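Trainee: need a 3D model of the sequence below.
(one chain, ligands or ions: 2)
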Amino acid sequence: MDKIVINDTTLRDGDQAAGVAFNLNEKIAIARLLDAMGVDELEIGIPAMGEVEQHAITTIVGLGLQAKLLGWNRAVISDIQACIDCGLQRVHISIPVSAIQINAKFQGKWEVVLKKLRDSISFALDHGLFVSVGAEDSSRAEEKFLLDVALYAQECGASRFRFCDTVGILDPFNTYVKVRQLVTALSIPIEMHTHNDFGLATANTLAGIKAGSLSVNTTVNGLGERAGNAALEEVVMALKRIYNNNVTIDTSRLVEISRLVASASGYNVQPWKAIVGENSFAHESGIHAHGVLKNPHTYEPFPPEEVGGERRLVLGKHSGRHLLSNLLEQQGIFLNPEATQSMLDAVRQASVEKKRSLTTQELLHLAEVYHHSHVS
Ligand SMILES: CC(=O)SCCNC(=O)CCNC(=O)[C@H](O)C(C)(C)COP(=O)(O)OP(=O)(O)OC[C@H]1O[C@@H](n2cnc3c(N)ncnc32)[C@H](O)[C@@H]1OP(=O)(O)O
Ligand SMILES: O=C(O)CCC(=O)C(=O)O
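Mentor: Ligands and ions are numbered 1, 2, ... in the order given. Got it, this is the predicted structure:
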């Protein structure tokens with residue numbers, strides 16, 4: 001498999017999530033960490049939004065990062081000019097391509113949309129910029145029209161074409177077919193931009209890669225419009241571990257970037273969130289914990305350290321004797337088999353009463369009771 005370019009849009013689509021508003025320092029910290037991790041490209045915002053956004057973008061441009069930096073634009077020349085004023089050398093120009101979008105925004109006048117596209121691409125090229133073109137709502141567009149727009153963008157001088165499943169309605173099978181058509185017809189790379197409305201954003205991004213897409217949009221924690229986007233941590237780890245792709249990103253900082261974005265966005269990830277959730281490497285069930293104590297690979301797809309996470313063995317309603325004995329032994333407590341079994345019953349009962357796993361303190365407290373009852 002070819003090297004896949006990761007073009008992270010946490011600072012654009014992530015920032016667009018309802019209720020999220022990164023401030024300057026947060027934007028800088030996120031950009032710096034993504035860059036330090038080796039993310040290839042960052043979509044850092046929308047200069048057309050005005051002075052505050054322009055100041056943030058100009059500041060990030062001035063950081064001297066290794067990552068390529070891109071500004072998002074409508075097909076509007078003043079939007080592109082705002083990117084130039086911020087010092088950006090790469091612009092992404094978006095146009096709607098489905099009938100529903102063109103009717104709502106341009107009274108169905110698709111010729112007007114294409115003229116805007118051509119004019120803005122040529123303005124950007126005249127200013128020496130790299131141009132990526134995005135087809136908003138590609139997944140609901142008439143297929144022939146989408147292909148014509150893609151070929152037109154290429155002919156006008158775009159260097160990359162973004163396939164957008166804007167409202168997240170595709171599955172991996174349909175994604176593959178649609179993206180394959182574009183990959184076959186175009187000589188410029190296709191970029192995937194998928195949304196998670198049906199929980200399929202990462203799967204659809206991977207389907208696009210299978211179809212020959214060479215670049216993907218991601219966001220940390222999957223943060224983005226509505227149900228969000230394909231998550232950076234999921235796409236990167238799937239590329240690395242499922243496809244053995246030559247991933248050059250430092251995956252050991254994925255939990256760190258997840259926490260940074262959670263804090264800056266004000267939205268924690270759910271504990272069971274793939275890759276970065278606090279339960280991603282937590283084991284409570286007896287059979288699982290027994291296996292993990294023998295060999296962690298029995299119930300872990302890869303070691304937690306690989307993403308900067310931590311293995312946790314917790315005692316609760318579903319735990320068994322092996323885990324209980326192991327945790328007690330770590331505290332220097334050794335119970336005979338009968339005492340262990342009795343204590344396990346008490347652990348289960350306590351866990352159901354508390355509706356959670358037990359803390360070390362609670363474990364020690366119970367151990368004292370069972371240890372003493374065993375000794376006496
Ligand atoms: C799928 C996506 O995520 S697309 C990205 C969406 N992101 C955002 O909207 C966040 C940033 N947006 C903004 O700050 C504002 O919308 C701005 C600055 C871009 C424009 O603001 P306003 O001038 O107040 O316009 P408003 O947002 O109400 O309406 C959008 C306008 O852009 C036009 N437009 C929408 N998409 C495009 C496009 N791809 N190319 C050209 N024009 C477009 C609409 O037709 C409408 O134009 P009109 O004012 O002539 O009717
Ligand atoms: O870049 C584009 O063209 C639109 C991207 C987007 O956010 C979307 O379609 O959901």
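
Trainee: ligand 1 contacts on the stretch 51-200 of the chain?
Mentor: Within the stretch 51-200 of the chain, the positions adjacent to ligand 1 are 74-76, 94-96, 105, 116, 136, 166 by Cβ under 6 Å from any ligand atom. Using the backbone N, CA and C atoms, a C-beta is placed for each residue, glycine as well.

Trainee: phi, psi for Glu225 please.
Mentor: Glu225 has phi and psi values of phi -50, psi 140 when expressed as degrees, to the nearest 10.

Trainee: excluding its backbone neighbours, what's nearest it?
Mentor: Gln16 (5.4 Å; Cβ to Cβ, 6 or more residues apart in numbering).

Trainee: hmm, the one you found is touching Leu223, no?
Mentor: No. Between Gln16 and Leu223 there is no contact under Cβ atoms under 8 Å: 9.1 Å.

Trainee: who's more crowded, those two?
Mentor: For the pair Gln16 and Leu223, the greater number of neighbours falls to Leu223 (25 against 19), based on other Cβ atoms under 10 Å.

Trainee: mind checking how far the closest residue in space to that one that isn't next to it in sequence is from ligand 1?
Mentor: Ranked by Cβ to Cβ, 6+ apart and with sequence neighbours excluded, the top spatial neighbour of Leu223 is Gly14, at 4.0 Å. Distance check for Gly14 against ligand 1: by Cβ to the nearest ligand atom, to the nearest Å, it reads 11 Å.

Trainee: dump the residue contacts of Gly14.
Mentor: Taking Cβ atoms under 8 Å, 6 or more residues apart in numbering as the criterion, Gly14 is in contact with 20, 22, 219-221, 223-224, 229, 261, 265.

Trainee: re the thing from before, would you list the residues of the stretch 51-200 of the chain next to ligand 1 in TSV and tack on distance to Gly316?
Mentor: Formatted as TSV, these follow (distance: Cβ to Cβ, whole Å):
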residue	distance to Gly316
Arg74	52
Ala75	55
Val76	56
Ser94	48
Ile95	53
Pro96	50
Lys105	53
Lys116	58
Glu136	46
Thr166	42
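
Trainee: among those residues, name the buried ones.
Mentor: Buried subset of these (neighbour count, 16 or more other Cβ atoms under 10 Å): 74-76, 94-96, 116, 136, 166.

Trainee: quick one, grab the pLDDT at Lys370.
Mentor: For residue 370 the amino acid is Tyr, not Lys. The model reports Tyr370 with a pLDDT of 82.

Trainee: and the helices in this structure?
Mentor: Under the criterion DSSP state H, helices of the chain are mapped to 24-37, 51-61, 77-85, 99-106, 110-126, 143-156, 172-185, 201-210, 232-237, 254-265, 286-294, 321-330, 337-354, 360-375.

Trainee: in contact with the residue in the stretch 1-150 of the chain positioned nearest to ligand 1, which residues?
Mentor: Ligand 1 sits closest to Arg74 of the stretch 1-150 of the chain, with a gap of 3.3 Å, by Cβ to the nearest ligand atom. By Cβ under 8 Å, 6+ apart, the contact list for Arg74 reads 48, 93-95.

Trainee: one more pass at 10 Å, please.
Mentor: Arg74 sits next to 46, 48, 80, 93-96, 105, 116, 120, 136 when contact means Cβ atoms under 10 Å, 6 or more residues apart in numbering.

Trainee: bridging across strands, which residues link to it?
Mentor: Per DSSP bridges, the residues bridged to Arg74 are Ser94.

Trainee: filter the contacts of Gly14 down to the buried ones, ChimeraX style.
Mentor: Selection of buried members from the contacts of Gly14 for ChimeraX, criterion 16+ other Cβ under 10 Å:
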select :20,22,219,220,221,223,224,229,261,265
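
Trainee: show me which residues of the stretch 151-300 of the chain sit near ligand 2.
Mentor: Selection of the stretch 151-300 of the chain residues close to ligand 2 by Cβ under 6 Å from any ligand atom yields 162, 164, 166, 193, 195.
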